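Undergrad: Kindly return the folded structure for what I paste below:
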Amino acid sequence: MSRGKRYDSEPKLNLKKVFAVIIAIAVIIMFIYMIIELLKEKPGASDKNFITAYYTIYENGKWGVIDTKGNTIIAPQYDEMIIIPDSSKKIFICMYNTNYETQTFNSKAVNDKNETLYTEYTKVEAISNYDENNTIWYENTLKVEQNGKYGLINLDGKNILQCEYDDITPIVGTKNALLTSKNGKKGVVDSIGKVIIENEYKSITALTEKYENGFIVENEQGKFGVINYNKAQVLEPKYEQIQHVYGNNMYVVKENGVQKIIDTEGNSYLEGKFEEVKEINLDNIIIKANGKYALVTKSGEQKIPAEYDDLTYAYTENYIAKKEGKYGIINSSNETQLNFEYNYLSYLAQTDFIRAETQNFETKLLDREFNEKVSGVITEINIEKGYIRVRENDKYKYYNLKLEEKESTDILVGNTIFLKKKDGKYGYINDKGIVVVDYIYDDATEQNKYGYVAVKKDGKWGCLDQNGKVILEPTYELSNNLVIDFIAQWYLAEDLNANYYTK
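TA: Prediction:
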């Protein structure tokens, strides 16, 4: 029996319909997967990996190390503070057997397993230095002792200066230069162990804070000269005194009881016409005469009379001046550009704006045309990331370095959560504007570079992680801390220069 025309031949697939069905099923599966993932994800959750670094901790009278994920690397067990020369490296300098009466101690380097490194040396020390603001830093080299003599290794343990010196010390305020002692004579090496000045002098100091400007050397006869960082003798040691001032290849010296300015060609300027030279900027020189500051040229032409209590070069033809206890700005023709009504003024060359402190302890930021752009309490100027944070009426505002106001989400591009204020309380949102931490805190901070935020409630501070999860409930008062910062359950100690965390 015939099955009819419809069944007279083998059935054929409708490929277009088959493909359409397959595509539809795939779309449905993808949609379901996306829904599941969205349901799994908490608002603000992030897999962002913040940088890992290492910090010293202090607990119960002992010192240890943690990483910035909050893990204990070395449990608090040392009596003396552990020094970490480079926070990104697992090299920790530990002192022990300290005798304060004889001022002797032993020191070693250990790794993250508390294993001793560089065992061929009897002592391994970090080299600390500090600037005029007492900000401490550590050189990227280690001082090592072998057979009673000192040398240098880098942080990888490579020998860069043989152990043949009686001592190696920092040149205070100057980076990348170290003072060596050998047989009672001083010399200089750089931070990679290259000898800049042989051990031939009674004393050596840096001409300025920049080692590139050279060094003042004193010979056995008590005479002073200058040696450049490239080992060239710029001024022979024949002067009674050399001031720590440099500019336009000119130096301030004292010879035969008379102060003067000389250049590298042997020319002499302003002989006996000043008490002090503060700055040399091209041919313009700020001098002190009769107890007041003035601006003159090297030929002796007076541009600003000696009538100011302080005078500092700012930019182009403008100078910050102090008169009758107040600061203002004048130009090189002694014309007032900004009235003398500020408690303090400074020019920030890296950002090209003026910072002004008012009588009401408020800070204003002015552009180079003296227009006020920002007013409030400046809590941070971050050159590296290009922003300024200002607190105005208990609210934080952000500006770029052009002094243009921006949203925190535009400025803090590496953050996962962002501080917000509502109805007098602080909380956090994510980069999509979704609230991830309710507005329940009396005060709070933006996220630090390790992902943590500090929050304050009922007078006490605690810590949240990068997703807004509570790591430490508000526990510590921290009323004496100038900076509030947390790594997990550890908070930054009061002594900012020491740079350690505690709890």
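Undergrad: can you give me the strands for the stretch 51-200 of the chain?
TA: Along the stretch 51-200 of the chain, counting by DSSP state E, counting those that start in this stretch, strands occupy 54-59, 62-67, 72-78, 92-99, 104-110, 116-117, 123-130, 136-146, 149-154, 159-165, 167-170, 177-182, 185-190, 195-201.
Undergrad: Make a markdown table from those strands and add distance to Ile262 and mean neighbour count to it.
TA: Just so you know, the C-beta spots here come from the backbone N, C-alpha and C atoms, and that holds for glycine as well. Listed next are these as a markdown table, based on distance: least, C-beta to C-beta, whole Å; neighbours: other C-beta atoms under 10 Å:
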| stretch | distance to Ile262 | mean neighbour count |
| --- | --- | --- |
| strand 54-59 | 48 | 20 |
| strand 62-67 | 51 | 20 |
| strand 72-78 | 52 | 17 |
| strand 92-99 | 44 | 16 |
| strand 104-110 | 45 | 18 |
| strand 116-117 | 49 | 14 |
| strand 123-130 | 30 | 18 |
| strand 136-146 | 33 | 19 |
| strand 149-154 | 35 | 20 |
| strand 159-165 | 33 | 17 |
| strand 167-170 | 29 | 17 |
| strand 177-182 | 24 | 21 |
| strand 185-190 | 23 | 21 |
| strand 195-201 | 20 | 18 |
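Undergrad: could you pull out the strands for the stretch 401-503 of the chain?
TA: Counting by DSSP E, counting those that start in this stretch, the strands of the stretch 401-503 of the chain are 405-406, 418-422, 425-429, 435-441, 443-444, 453-457, 460-464, 470-476, 486-487, 490-492, 500-502.
Undergrad: Now distance to Trp137, mean neighbour count and mean pLDDT too, for these, in JSON lines please.
TA: Listed next are the strands of the stretch 401-503 of the chain as JSON lines, based on distance: least, C-beta to C-beta, whole Å; neighbours: other C-beta atoms under 10 Å; pLDDT from 0 to 100:
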{"stretch": "strand 405-406", "distance to Trp137": "31", "mean neighbour count": "15", "mean pLDDT": "94"}
{"stretch": "strand 418-422", "distance to Trp137": "29", "mean neighbour count": "18", "mean pLDDT": "95"}
{"stretch": "strand 425-429", "distance to Trp137": "33", "mean neighbour count": "21", "mean pLDDT": "97"}
{"stretch": "strand 435-441", "distance to Trp137": "34", "mean neighbour count": "17", "mean pLDDT": "98"}
{"stretch": "strand 443-444", "distance to Trp137": "30", "mean neighbour count": "20", "mean pLDDT": "96"}
{"stretch": "strand 453-457", "distance to Trp137": "25", "mean neighbour count": "23", "mean pLDDT": "98"}
{"stretch": "strand 460-464", "distance to Trp137": "27", "mean neighbour count": "22", "mean pLDDT": "98"}
{"stretch": "strand 470-476", "distance to Trp137": "28", "mean neighbour count": "16", "mean pLDDT": "98"}
{"stretch": "strand 486-487", "distance to Trp137": "20", "mean neighbour count": "24", "mean pLDDT": "98"}
{"stretch": "strand 490-492", "distance to Trp137": "17", "mean neighbour count": "22", "mean pLDDT": "98"}
{"stretch": "strand 500-502", "distance to Trp137": "15", "mean neighbour count": "19", "mean pLDDT": "98"}
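Undergrad: Any idea which of the strands of the stretch 51-200 of the chain gets closest to Gly247?
TA: When those are compared by C-beta to C-beta, strand 177-182 sits nearest Gly247, at 19.7 Å.
Undergrad: what's the average pLDDT for that closest one?
TA: Average pLDDT, strand 177-182: 97.
Undergrad: Equivalent analysis for stretch 232-248, please.
TA: Here stretch 232-248 scores 97 as its mean pLDDT.
Undergrad: on that earlier part again, mind putting the strands of the stretch 51-200 of the chain into JSON lines with distance to Asp394?
TA: Output for the strands of the stretch 51-200 of the chain, formatted as JSON lines (distance: least, C-beta to C-beta, whole Å):
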{"stretch": "strand 54-59", "distance to Asp394": "30"}
{"stretch": "strand 62-67", "distance to Asp394": "32"}
{"stretch": "strand 72-78", "distance to Asp394": "36"}
{"stretch": "strand 92-99", "distance to Asp394": "40"}
{"stretch": "strand 104-110", "distance to Asp394": "45"}
{"stretch": "strand 116-117", "distance to Asp394": "49"}
{"stretch": "strand 123-130", "distance to Asp394": "34"}
{"stretch": "strand 136-146", "distance to Asp394": "32"}
{"stretch": "strand 149-154", "distance to Asp394": "48"}
{"stretch": "strand 159-165", "distance to Asp394": "52"}
{"stretch": "strand 167-170", "distance to Asp394": "42"}
{"stretch": "strand 177-182", "distance to Asp394": "45"}
{"stretch": "strand 185-190", "distance to Asp394": "48"}
{"stretch": "strand 195-201", "distance to Asp394": "52"}
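Undergrad: of the ones you listed, which approaches Gln350 most closely?
TA: strand 136-146 (18.1 Å).
Undergrad: avg pLDDT for the closest one?
TA: 95.
Undergrad: packing partners for it?
TA: strand 123-130, strand 149-154, strand 159-165 (3 or more C-beta pairs under 8 Å, 6 or more residues apart in numbering; DSSP states H and E).
Undergrad: about what we covered before: and Asn97, which of the strands of the stretch 401-503 of the chain is closest to it?
TA: Per C-beta to C-beta, nearest to Asn97 of the strands of the stretch 401-503 of the chain: strand 500-502, 21.5 Å.
Undergrad: other SSEs contacting that closest one?
TA: strand 54-59, strand 490-492.
Undergrad: Make JSON lines from those strands and add distance to Leu472 to it.
TA: Listed next are these as JSON lines, based on distance: least, C-beta to C-beta, whole Å:
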{"stretch": "strand 54-59", "distance to Leu472": "14"}
{"stretch": "strand 490-492", "distance to Leu472": "9"}
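Undergrad: hmm, who's touching the strand or helix carrying Ala321?
TA: Per DSSP states H and E, Ala321 falls inside strand 318-323. For strand 318-323, the external contacting residues (C-beta atoms under 8 Å, 6 or more residues apart in numbering) are 286, 293, 295, 304, 307-314, 327-332, 337, 340, 345-347, 368.
Undergrad: Please repeat the previous calculation with a cut-off of 6 Å.
TA: Residues from elsewhere that reach strand 318-323, judged by C-beta atoms under 6 Å, 6 or more residues apart in numbering: 308-314, 328-331, 340, 345.
Undergrad: ok, of these, which come out buried?
TA: Buried members of the contacts of strand 318-323, counted by 16 or more other C-beta atoms under 10 Å: Tyr308, Asp310, Leu311, Thr312, Tyr313, Ala314, Gly328, Ile329, Ile330, Phe340, Leu345.
Undergrad: Now do Lys460 against Ile484, distance only.
TA: Taking C-beta to C-beta, to the nearest Å as the measure, Lys460 falls 11 Å from Ile484.
Undergrad: I'd like to know how many residues surround Asp352.
TA: For Asp352, the neighbour count with other C-beta atoms under 10 Å is 13.
Undergrad: Now do the contacts for Glu405.
TA: Tyr399 are the contacts of Glu405 under C-beta under 6 Å, 6+ apart.
Undergrad: cool, Gly64 as well?
TA: Here Gly64 is in contact with Ile57, Ile74, Ala75, Pro76 (C-beta under 6 Å, 6+ apart).
Undergrad: so what's the third one scoring on pLDDT?
TA: According to the per-residue confidence, Ala75 scores 97 in pLDDT.
Undergrad: Any idea how many residues pack against the closest residue to Val374 other than its chain neighbours?
TA: Leaving aside its sequence neighbours, Val374 sits nearest to Leu365 (C-beta to C-beta, 6 or more residues apart in numbering; 4.0 Å). Residues lying near Leu365 (other C-beta under 10 Å) number 22.
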